[in-house]
Structures are given as C-alpha cells and as structure tokens.
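Visitor: just need the structure, nothing else, for what follows:
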Amino acid sequence: AGCLESATSPVNFVSSDFSKTDECHFEEQTTINVVFDSGSTNLWIASDLCTTEPCVNEDRHRYAHSVSETFRAIPNAQNLDIEFGTGELRGTQGVDDFHVGPFTVKHQTFGMIAEEVGEAFHTIPFEGILGLAFPSMSANNVSPFFDNVIDQRVLKMNEFAFYFNMDEAAKVNETPRNNA
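Guide: This is a model prediction of the structure:
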C-alpha cells in the first residue's frame, strides 16, 4: 500500500521511539510524536490552542486545526481536564483523520491539547498521548483510536505490536518489518 497524499490530510502521528517517521510525507500536515499509554483511552494531540510552554518549544510540533480541510468541531464540546500519573492535559475535543504510515483512520475524535501541566511534558519530547485502555474509560464515550482501526478495517489483520530494545546504540527510527 502506498501513502495517501492530500492537502486534507493534516496529521501523521508516529509513536515516539517505536516507528519510522519518514514512511509518508504529506505536504500540509504535522508529524506528531505520541506516547502509547495503557492507562488512558483517549487520543490527545498538541494543538494550536496551546500557546504556552512546552507546546511552543522549538523542538515541538502542534496540530493546526484551522488549516485542516477535514477538521470538524464538535458542537457544544466540553473542555476536558484529564489527570495522568505524570501530569495533566486540558483542552476540547475535535474530529479529524489521522495517518500512521500508509494507514488512515477517518473521523477520529481526539483531545486538542490547550494546556500541558507537569514536568513530564517539559522533559520528554512528545506531542500527544494515544490511549490503549478500555472504551469504558473514554472521556465523553469517544471510540478509542484502535477500536476505530478495527471498525474501519484499516489493517489486513487486527494485530499491533511493540518492540522494546534496551540497547542504547540501536537507532530509534530503524525500518520495521512491514507485515500489515
């Protein structure tokens, strides 16, 4: 499968430390490094609504919802304030398409980070959190990202894996085997 190229494709996120970031390039999108979190369910992305550090640090990327042709605001969206073990995120929810390599998940509801609270956000260079927990834990009963991957039949097989390497000499962005 090839990469989908479109000016309407705003975000291509990769997991920090686990994926190759240069498999697909979209001219008008942002590559967001996310942390997979087994203790939460929602997808959170640093957005242009966040105007303070660490969101605006030089080494960080932010999603710009105003330039996305596929972004949809949620009518009467509530502001969320979610506490994690290492910090807190505040923001509202929106809907957009997301890309992981050549795969696209359409109409994903996600948290648009407007404020990051906690030292972890200052010391670890990531721009989002992709929750892996149960749907029953989801804020506002949003369908989790991987549930949408399954429901939309994005992958040939509903399999997902992590690769951990304790060798500091290993390259973070080594090309993974493509068995999708």
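
Visitor: elements contacting the biggest strand by length in the chain?
Guide: Using DSSP state E, we find that the single longest strand of the chain is strand 103-117. Counting contacts by 3 or more Cβ pairs under 8 Å, 6 or more residues apart in numbering; DSSP states H and E, strand 103-117 packs against strand 43-46, strand 88-100, helix 145-151. Using the backbone N, CA and C atoms, a C-beta is placed for each residue, glycine as well.

Visitor: just how off-centre is stretch 44-54 within its chain?
Guide: Mean-position distance between stretch 44-54 and its chain equals 13 Å (Cα atoms, centre = their mean, to the nearest Å).

Visitor: averaged pLDDT, that stretch. What do you get?
Guide: The average pLDDT within stretch 44-54 is 94.

Visitor: avg pLDDT for stretch 103-114?
Guide: 94.

Visitor: how about it: buried residues?
Guide: By 16 or more other Cβ atoms under 10 Å, the buried positions in stretch 103-114 come out as 103, 104, 105, 108, 109, 110, 111, 112, 113, 114.

Visitor: same thing with stretch 72-88?
Guide: Neighbour count says stretch 72-88 has 80, 82, 84, 87 buried, by 16+ other Cβ under 10 Å.

Visitor: tell me who's in contact with the third one.
Guide: Okay, so that is residue 84. By Cβ atoms under 8 Å, 6 or more residues apart in numbering, the contact list for residue 84 reads 37, 39, 40, 118, 129.

Visitor: just the residues you listed now: which is nearest residue 63?
Guide: Closest to residue 63 out of these is residue 129 (13.2 Å), distances taken as Cβ to Cβ.

Visitor: just give the strands next to the helix or strand hosting that closest one in its sheet, each with its orientation.
Guide: Taking DSSP states H and E as the definition, residue 129 sits inside strand 128-131. Using DSSP bridges, the strands paired with strand 128-131 are strand 30-37 (parallel), strand 43-46 (antiparallel).

Visitor: follow-up on the earlier one: out of the buried residues of stretch 72-88, which one has the lowest pLDDT?
Guide: Ranked by pLDDT, the buried residues of stretch 72-88 bottom out at residue 84 (85).

Visitor: give me the distance between that residue and residue 35.
Guide: Look at residue 84 and residue 35: by Cβ to Cβ, to the nearest Å, they are 10 Å apart.

Visitor: what do you get for residue 58?
Guide: 20 Å.

Visitor: neighbour-wise, which of these two wins?
Guide: residue 35 (19 against 4; other Cβ atoms under 10 Å).

Visitor: so, low pLDDT: which residues of this structure?
Guide: By pLDDT under 70, the weakly predicted segments of the chain are 1-29, 168-180.
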